[in-house]
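[1] need a structure here:
(2 chains)
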Protein chains: 2
Amino acid sequence: MRIVVLAGGIGGARFLRGLKQAAPDGAAITVIGNTGDDIHLFGLKVCPDLDTVMYTLGGGINEEQGWGRTDEAFTVKEELAAYGVGPKWFGLGDRDFATHIVRTQMLGAGYPLSAVTEALCERWQPGVRLLPMSDDRVETHVAVDVDGERKAVHFQEYWVKLRASVDAQAVVPVGAEQAKPAPGVLEAIAEADVILFPPSNPVVSVGTILAVPGIREGIEKSTAPVVGLSPIVGDAPVRGMADKVLAAVGVESSAAAVAEHYGAAKDGGLLDGWLVDTVDEKAVERVEAAGIACRAVPLMMTDPVEGTAAAEMAREALKLAEEVRGA
Amino acid sequence: MRIVVLAGGIGGARFLRGLKQAAPDGAAITVIGNTGDDIHLFGLKVCPDLDTVMYTLGGGINEEQGWGRTDEAFTVKEELAAYGVGPKWFGLGDRDFATHIVRTQMLGAGYPLSAVTEALCERWQPGVRLLPMSDDRVETHVAVDVDGERKAVHFQEYWVKLRASVDAQAVVPVGAEQAKPAPGVLEAIAEADVILFPPSNPVVSVGTILAVPGIREGIEKSTAPVVGLSPIVGDAPVRGMADKVLAAVGVESSAAAVAEHYGAAKDGGLLDGWLVDTVDEKAVERVEAAGIACRAVPLMMTDPVEGTAAAEMAREALKLAEEVRGA
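    Numbering: from 1, shown residues only, chains lettered A, B, ... in the order given. So this is what the prediction gives:
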């Protein structure tokens, strides 16, 4: 079974840890990772979502915070601050720095990001094939109004520095229109037996991946069932601040509205199936009315390290995929 | 009093610490630093000699080893090794990495090395004006015979990895011929009241600086006294492996031979004065016979942290400069 997953950072990574347990023996998992939140810091190329997937599945993640390396110190960052070099708001640990140094060196030598990611994964052995959505630079910017003036800030500045404390007026994946899917991305989608949207952010994670020309079209064309898991539980994001960026694209923060946002495959949208949390059981009817098969199952990853809950969620997603297959 | 010093790494830096104590009030010290041992490691630009001067005079040096930062850990390097990325033989600590990251980022943004060095020194306040010999890339290569084959290795590979365990057949400052002195270098030499060669390596430190077109000529033209201190004491290098690279340029490892190698200013060479260690008193006659005023004084920097011995050496050098001034 060939499973393709469009993943953002923490939520996607933790879901993938469960999926690896839940997938049938011999299943091949290809992860198409969001790179819209990539950022250049200190002259180094940082890919937060790719690294979160890689570290989580490879056993190097800081489990408590969900991103970055375990057992971290911040000597390099403190030294950079002593030189007056920032930003201070982005937490890069010493171990993490090494990843960005290797990546930047390889990119500088002419390797595309996909080849670099493969090389980094040789160390981490994440047990999935991790592909960046594109080798081209895509950078998600968020338009915000500050002191009456509209300005665009990098997604990381919005998310990490401002902590989404101001409303997002628009979310723009700069460069996406000109980007090409990375080698292997469209092939993986075309050959997939199942396509999954983990409970990642539908705007700045999955949405950014879908903004790369060819990816959305490939999924629409695919005959494989496409099943997603709601990142919204009880009208609030499970983690992060997805409600803020959903508002920017005019989508209410509810499990049903996100499904409608992706749209029903049978009506030219993307989804064949959608999982909502049991607290959102009332949403099932609305989602099914939109032409998407829907089940209410527990969607809280209560034991992220063991991944038992995530594995059960993945099992439910694969089960729903079989139910809707060829429907 | 305007003092210009051509400096390599550890020996030059420790001498400069003494010179700062010995120089008259209001003296301005300009250091022209060797960049021939610069190396790109992990995609980062590393300038070992400039950093040794900066850290030593700025209070950040690891006093025991004479290079690198104090209170260092090696997390980043260990992580790079875990990615299979080397070299392992070059000791870059976590704090040190920050310096190279800032430098590389600024160079990438288009700043010349001289401007980068000035920016780094804003933090360290070394109390001297530290100029790289050139903003252009110069890289000292050493020709060695390995298994019957001649090959060129980077100076750092020869010095740090091979520990000069094989004979140097030739020493070539690659790029020096095309290099231009950094802004301020020739002006500092032209305006100098005294020019000093600290007990730095005469081939791969001072020799490399002199290989940048214009610098040797500027010193030859200068009417300021030029006084050097022998890095060879009792026919052996005080530290390092200067004898190996002296042999490569056909110079015997003795205090007198190094003076003759620099040559007497009055005969178109560089030196007006030369200090040898008291154990080399017999060399005085030979050096003076070569037309260079020579004194035997203690040249062992026995208390590098306090710099009392180095200060006394600097006082002797300044004294000899006054003796030979206008001679």
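
[2] Pop out the phi and psi values for the closest residue to chain B within the stretch 151-300 of chain A.
    Distances between the stretch 151-300 of chain A and chain B by CB to the nearest CB are smallest at A:H154, namely 16.8 Å. No exception for glycine: its C-beta is placed from N, CA and C like everyone else's. In terms of degrees, to the nearest 10, the main-chain angles of A:H154 are phi -60, psi 150.

[3] packing partners for the top strand by length along chain A?
    Ranked by residue count under DSSP state E, the longest strand found in chain A is strand A:139-146. If contacts are counted by 3 or more CB pairs under 8 Å, 6 or more residues apart in numbering or on different chains; DSSP states H and E, strand A:139-146 sits against strand A:149-154, helix A:155-156, strand A:170-174, helix A:242-248.

[4] Let's have those in JSON lines, adding mean pLDDT.
    Below are these laid out as JSON lines (pLDDT from 0 to 100):
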{"stretch": "strand A:149-154", "mean pLDDT": "94"}
{"stretch": "helix A:155-156", "mean pLDDT": "94"}
{"stretch": "strand A:170-174", "mean pLDDT": "95"}
{"stretch": "helix A:242-248", "mean pLDDT": "91"}
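
[5] could these go into CSV alongside distance to A:I10 and mean neighbour count?
    Formatted as CSV, the helices and strands packed on strand A:139-146 follow (distance: least, CB to CB, whole Å; neighbours: other CB atoms under 10 Å in any protein chain shown):
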stretch, distance to A:I10, mean neighbour count
strand A:149-154, 19, 13
helix A:155-156, 14, 22
strand A:170-174, 19, 19
helix A:242-248, 12, 22
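
[6] ok, the residue of the stretch 151-300 of chain A closest to chain B touching A:E139?
    Yes - counting by CB atoms under 8 Å, A:E139 is a contact partner of A:H154 at 6.5 Å.

[7] can you give me the helices in the stretch 151-300 of chain A?
    Using DSSP state H, counting those that start in this stretch, the helices of the stretch 151-300 of chain A run over residues A:155-156, A:185-191, A:206-210, A:215-221, A:242-248, A:255-262, A:283-289.

[8] Go ahead and confirm A:D71 touches A:R95.
    Yes - the pair A:D71 / A:R95 is scored as a contact, 7.3 Å apart, by CB under 8 Å.

[9] Off-centre distance for the helix or strand of chain A with the lowest mean pLDDT?
    The weakest-scoring helix or strand in chain A, judged by mean pLDDT, DSSP states H and E, is strand A:236-237 (a mean of 87). Distance of strand A:236-237 from the chain centroid (CA atoms, centre = their mean, to the nearest Å) equals 16 Å.

[10] and of the helices and strands packed on strand A:139-146, who's closest to A:S114?
    Ranking the helices and strands packed on strand A:139-146 by proximity to A:S114 (CB to CB) places strand A:170-174 first, at 18.2 Å.

[11] That closest one - contacts with which helices or strands?
    Short answer (3+ CB pairs under 8 Å, 6+ apart): strand A:170-174 packs on strand A:139-146, helix A:206-210, helix A:242-248.

[12] pLDDT of the first one, averaged?
    The pLDDT scores in strand A:139-146 average 95.

[13] List of residues touching that strand?
    Residues lying outside strand A:139-146 but in contact with it, judged by CB atoms under 8 Å, 6 or more residues apart in numbering or on different chains, are A:36-39, A:150-155, A:157-158, A:162, A:166-175, A:204, A:208, A:245, A:248.

[14] what's the answer for the shortest one, then?
    Helix A:206-210 is touched from outside by A:6, A:8, A:32-37, A:133, A:138, A:140, A:171, A:173, A:176, A:197, A:200-201, A:215-216, A:219, A:249, A:270, with contacts defined as CB under 8 Å, 6+ apart.

[15] And the strands in the stretch 1-150 of chain A?
    A:2-7, A:28-33, A:39-41, A:44-46, A:129-132, A:139-146, A:149-154 (DSSP state E, counting those that start in this stretch).

[16] want to try TSV for the ones you listed, with distance to A:P87 as columns?
    Below are the strands of the stretch 1-150 of chain A laid out as TSV (distance: least, CB to CB, whole Å):
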stretch	distance to A:P87
strand A:2-7	26
strand A:28-33	23
strand A:39-41	7
strand A:44-46	11
strand A:129-132	23
strand A:139-146	15
strand A:149-154	10
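
[17] can you tell which of those is closest to B:T308?
    strand A:44-46 (42.8 Å).

[18] anything in that closest one near chain B?
    Yes - contact of strand A:44-46 with chain B (CB under 8 Å from any CB of the partner chain) involves A:L44.

[19] what lines up beside that strand in the sheet?
    Paired strands of strand A:44-46, with direction, are strand A:39-41 (antiparallel) (DSSP bridges).

[20] what comes up buried for the strand it pairs with?
    Neighbour-count burial for strand A:39-41 flags A:I39, A:L41 (criterion: 16 or more other CB atoms under 10 Å in any protein chain shown).
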